[in-house]
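Undergrad: Got a predicted model here, sequence first, then my questions.
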2 protein chains.
Amino acid sequence: MRVKLDGFLKTRKALIEERLPLYIQDLQAPSTLKQSMLYSLEAGGKRLRPILVLALLHAYGKKEENGIPVGCAVEMIHTYSLIHDDLPCMDDDDLRRGKPTNHKMFGEATAVLAGDALLTESFKLITSHMPAEVPAEKRLRLVNELISAAGAEGMVGGQILDMEAESRSISLQELQSIHEGKTAKLLSFSVIAGAVLADAPEEEIEKLREFSHHIGIGFQIRDDMLDLEGSEDKIGKRIGSDTTNEKSTYPAILSLEGAKQKLDEHIEQAKQLISELSLEKELLYEFCDMIARRDH
Amino acid sequence: MRVKLDGFLKTRKALIEERLPLYIQDLQAPSTLKQSMLYSLEAGGKRLRPILVLALLHAYGKKEENGIPVGCAVEMIHTYSLIHDDLPCMDDDDLRRGKPTNHKMFGEATAVLAGDALLTESFKLITSHMPAEVPAEKRLRLVNELISAAGAEGMVGGQILDMEAESRSISLQELQSIHEGKTAKLLSFSVIAGAVLADAPEEEIEKLREFSHHIGIGFQIRDDMLDLEGSEDKIGKRIGSDTTNEKSTYPAILSLEGAKQKLDEHIEQAKQLISELSLEKELLYEFCDMIARRDH
């Protein structure tokens, strides 16, 4: 069933991984800094965020090439957030995707600065590495969307809420707000960015914002489920760490069965929204299924 | 002699300090995060970077109001860099301007995130808080200039060079590269931003880039001198800490007398460049003198 998506994920991941290091190599910057930035950027991962940008362009029948700089920008933001999250003063993780975390390799100070640099430089991909045909107004809109998704009103805000929720039990509502900020908004940015670059009608962009909320929350529910029942080999980190750390999760609040049901609801709603749009739907339906069933 | 500049510094500092918190208060973000961002933003300082933006607009006879968002953006970048610099894994400072540093007040994790949020949100002031009359192309140019000044090729890069130079003796050339990145580029951004907003001719903008290099390095030389001969009360931090930390400084490499001479040379060159421009020169001459003679 997932024949089309599997091929898409594989080829686009390769494309992104080919382009991503070039933006860093081109910088006139100290080599330690570039090494540290590249180390985390090249540590692997699904590249889901950039692939979503390309998937939207593909579904609207537009040139995917135009989405590469903005896809790489969102991957740089995602990577900076992982570097800072892993720091001793945050989650204090030694391993990420089976490899030593950035601060274990380069020291804490360099890790902080590599994160800062990835965050700063990410915006440049949108402001000055886009194909000339993308007008200035559209670039500004994309930068604004990225700031909302990544900054105080998005990912960083979600991170603060998450820290404040540690070791106390929280409501489903609160959990939702945390993941809306921490995870869903950046995934949502990818979807919106692809649609904006594809010149999608504004009412479809708003439906896609709703769609990406559902896949973002769905993504997180699946993440929580994998922490309980996944395979350590496939995920690349310890299983059950959420329980050990007394983290609030969807299964903890809703039971594993309830979380699974919630996930299915979000995926159904996401698919319903896609069905109302003027784009090629198959790839995005498969995307929804993949998020619901992924094993890593 | 500094009658005009003194009044300018005082009134514009007040203006910036009135506007700066508004951008944070407006954010739909967790209150701890906003408090932490505001704490460091409101901790005082000379506000030299935003004032330079306004000074350039003033000197070119243009509306200073147009420079306020970009001035506040550069102050937010400066503030984020101080928060991250003060972290235990970086300079490990407990006090900044006579008050507890951000991580002493809010904890390290929140301090890291407050810095990340200030950095991210700073760009929004340029992309979406500028007066409507500033066209999209000009906003993009300003964002690009700010990224070059603050990112891997600017401030963050300089910070890495500085760390790598610790506890070894370095050449004047290396010291210059460190401060070019750490200090001069962000001051230079302020000057360029004011000139770009004032629609200064491109050849004058290039002269102003040179001018700001000289005042940036001059600023740093004076900083090093103040660490040796300044007043703790006025500077708000310990005197002689550079010597204790075995930091390479201009006086250490050139002697105090040699550093003073170097400072005078930079200030002379800065004034020479100003004399060649089509703007009101008096305020900028006074600015040069202030940088050479400041006692804090």
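TA: Okay, I see it.
Undergrad: From here on, just use CA atoms for contacts and neighbour counts.
TA: Fine.
Undergrad: show me where the stretch 1-150 of chain A has strands.
TA: Applying DSSP state E, counting those that start in this stretch to the stretch 1-150 of chain A gives strands spanning A:95-96, A:99-100.
Undergrad: Just name the most buried of those.
TA: Counting by mean count of other C-alpha atoms under 10 Å in any protein chain shown, strand A:95-96 has the highest mean neighbour count of the strands of the stretch 1-150 of chain A, with a mean of 17.
Undergrad: returning to that earlier point: quick one, which of the strands of the stretch 1-150 of chain A is nearest to A:Glu282?
TA: Proximity to A:Glu282 (C-alpha to C-alpha) singles out strand A:95-96 among the strands of the stretch 1-150 of chain A, at 32.8 Å.
Undergrad: My read is that A:Val74 contacts A:Leu48, right?
TA: No: assessed by C-alpha atoms under 8 Å, A:Val74 is found out of contact with A:Leu48, at 9.9 Å.
Undergrad: Check the gap between A:Ser122 and B:Leu82 for me.
TA: 21 Å (C-alpha to C-alpha, to the nearest Å).
Undergrad: So for the two, which residue has more residues nearby?
TA: Under the criterion of other C-alpha atoms under 10 Å in any protein chain shown, the comparison of A:Ser122 against B:Leu82 puts A:Ser122 first, with 26 against 17.
Undergrad: now the helices for the stretch 101-250 of chain A?
TA: Along the stretch 101-250 of chain A, the stretches classed as helices by DSSP state H, counting those that start in this stretch are A:102-106, A:108-128, A:136-150, A:155-164, A:172-179, A:185-197, A:202-229, A:232-235, A:241-244, A:250-275.
Undergrad: looking at those helices, which is buried most?
TA: Counting by mean count of other C-alpha under 10 Å, helix A:185-197 has the highest mean neighbour count of the helices of the stretch 101-250 of chain A, with a mean of 27.
Undergrad: Put the alpha carbons of that helix into CSV.
TA: C-alpha atoms of helix A:185-197 as CSV (Å, rounded to 0.1, in the frame of the first residue of the first chain):
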residue,chain,number,x,y,z
LYS,A,185,3.9,23.9,15.1
LEU,A,186,7.2,23.1,13.3
LEU,A,187,5.5,20.2,11.4
SER,A,188,2.8,22.7,10.6
PHE,A,189,5.3,25.2,9.3
SER,A,190,6.6,22.6,6.8
VAL,A,191,3.1,22.0,5.4
ILE,A,192,2.2,25.7,5.2
ALA,A,193,5.6,26.6,3.6
GLY,A,194,5.0,24.0,0.9
ALA,A,195,1.5,25.2,0.3
VAL,A,196,2.6,28.9,0.2
LEU,A,197,5.3,28.1,-2.3
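Undergrad: Please compute how far that helix lies from its chain's middle.
TA: Centroid separation for helix A:185-197 versus its chain: 10 Å, with C-alpha atoms, centre = their mean, to the nearest Å.
Undergrad: just stretch A:19-36 next, same as before
TA: 22 Å.
Undergrad: tell me which parts of the stretch 151-296 of chain A are close to chain B?
TA: Counting by C-alpha under 8 Å from any C-alpha of the partner chain, the positions of the stretch 151-296 of chain A adjacent to chain B are A:Gly151, A:Ala152, A:Glu153, A:Gly154, A:Val156, A:Gly157, A:Ile160, A:Leu161.
Undergrad: Looking at those, which one is closest to A:His58?
TA: Of all those, A:His58 sits closest to A:Gly154, with 26.6 Å by C-alpha to C-alpha.
Undergrad: thought the closest one was touching A:Lys185?
TA: Yes: applying C-alpha under 8 Å, one finds A:Gly154 in contact with A:Lys185, separated by 6.1 Å.
Undergrad: Comparing the helices of the stretch 101-250 of chain A by mean pLDDT, which bottoms out?
TA: Across those, helix A:232-235 has the smallest mean pLDDT, namely a mean of 62.
Undergrad: picking that back up, can you put the strands of the stretch 1-150 of chain A in CSV and add mean pLDDT?
TA: Formatted as CSV, the strands of the stretch 1-150 of chain A follow (pLDDT from 0 to 100):
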stretch, mean pLDDT
strand A:95-96, 94
strand A:99-100, 96
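Undergrad: Including distance to chain B, could those strands go into TSV?
TA: TSV is the format used below for those (distance: least, C-alpha to the nearest C-alpha, whole Å):
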stretch	distance to chain B
strand A:95-96	19
strand A:99-100	18
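Undergrad: Kindly report the residues of the stretch 1-150 of chain A close to chain B.
TA: Residues of the stretch 1-150 of chain A lying near chain B by C-alpha under 8 Å from any C-alpha: A:27-30, A:32-33, A:84, A:89-90, A:108-110, A:112-113, A:116-117, A:119-121, A:123-124, A:127-128, A:136-137, A:140, A:143-144, A:147, A:150.
Undergrad: rewinding a little: so which of the helices of the stretch 101-250 of chain A is nearest A:Tyr23?
TA: Among the helices of the stretch 101-250 of chain A, the nearest to A:Tyr23 by C-alpha to C-alpha is helix A:108-128 (8.0 Å).
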